[in-house]
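Trainee: Here you go, sequence then predicted model.
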Amino acid sequence: MSLVFYSIIIPAFNESKSIAKVLRALVESYPNSEIIVVDDYSTDDTAEVVEDFSEVTLIKQPYNQGPIIALATGIAAASNDVVVTIDADGQHPIDYIPKLVEPIFTDQADIVLGVREKLPRLGEKIITLFSGVSDATTGFKAMRKTCVDEYYTNDFAYGGVFISVSKKRGFRVLEVPVPIQQRLEGVSTHSNIKILTRSFKFVLWKLFKMRSLERISN
């Protein structure tokens, strides 16, 4: 693939133990990309670690708002139309980024999901089932900013609303299988109960609000 430019968005909350390794690898592997870290009001020294990387843009949230809002903040600030979202914990293999962005640059897709072989949580499985994709809650994605920036703001469905609305608007969604690595350090802040609650909210939205929108549009 010829030289291309895109923005890499990383939401981070208390990831000081792992984010330096992730950023170092990204800076070395993708020197032409824009890298934006959105610190979601961390209580550790995540922001200070990021500030050591002159090549990285740091955005500090005024209070903790969750990963989806952090991503929306980063997408809004991105300079390039193609954006990649990746977690700060090192679980996403950065060498797969070209596989995610290439279908967009070759006009085969508007949104590319880096899908996991297995979903670890029941709530994620429920959301995925009602979204019609293999992994609706993946944090590893490539997207056209011009397609998603006006509605990539809803945190309650943890990916389900985003996929459903994207399909409703006619955007082409492509899936690319990716291997998931072990978290470098620390523990996940995503609780099983919170994700399960989001899955139930999403199912209700899908069954009632989305169907109402479909009836109106038809």
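Mentor: Looks like it arrived, so ask away. Only a predicted model underlies this, so the values are computations on that prediction, with no experimental measurement involved. Numbering: from 1, shown residues only.
Trainee: which residues of the chain fall in helices?
Mentor: Remark: helices assigned in the chain by DSSP state H are 19-29, 46-51, 67-77, 97-105, 122-131, 145-148, 160-168, 192-204, 210-217.
Trainee: Nearest approach to Gln91 belongs to which of the ones you listed?
Mentor: Closest to Gln91 of the helices of the chain is helix 19-29 (C-beta to C-beta; 9.5 Å). Every residue, glycine included, has its C-beta placed from N, CA and C.
Trainee: How far does stretch 109-120 stretch from one end to the other?
Mentor: One end of stretch 109-120 sits 27 Å from the other (C-alpha to C-alpha, to the nearest Å).
Trainee: what does it rub up against?
Mentor: Residues outside stretch 109-120 that contact it (C-beta atoms under 8 Å, 6 or more residues apart in numbering): 92, 96, 100-101, 103-104, 125, 128, 133-138, 140-144, 147-148, 166, 171-180.
Trainee: Keep only those of these that are in strands.
Mentor: Residues of the contacts of stretch 109-120 located in strands (DSSP state E): Lys141, Ala142, Met143, Arg144, Val173, Leu174, Glu175, Val176, Pro177.
Trainee: so which two of these are the farthest from each other?
Mentor: Among those, Arg144 and Pro177 lie farthest apart (C-beta to C-beta), at 21.3 Å.
Trainee: quick one: which of these two has more around it?
Mentor: More crowded of Arg144 and Pro177, by other C-beta atoms under 10 Å: Arg144, with 18 against 13.
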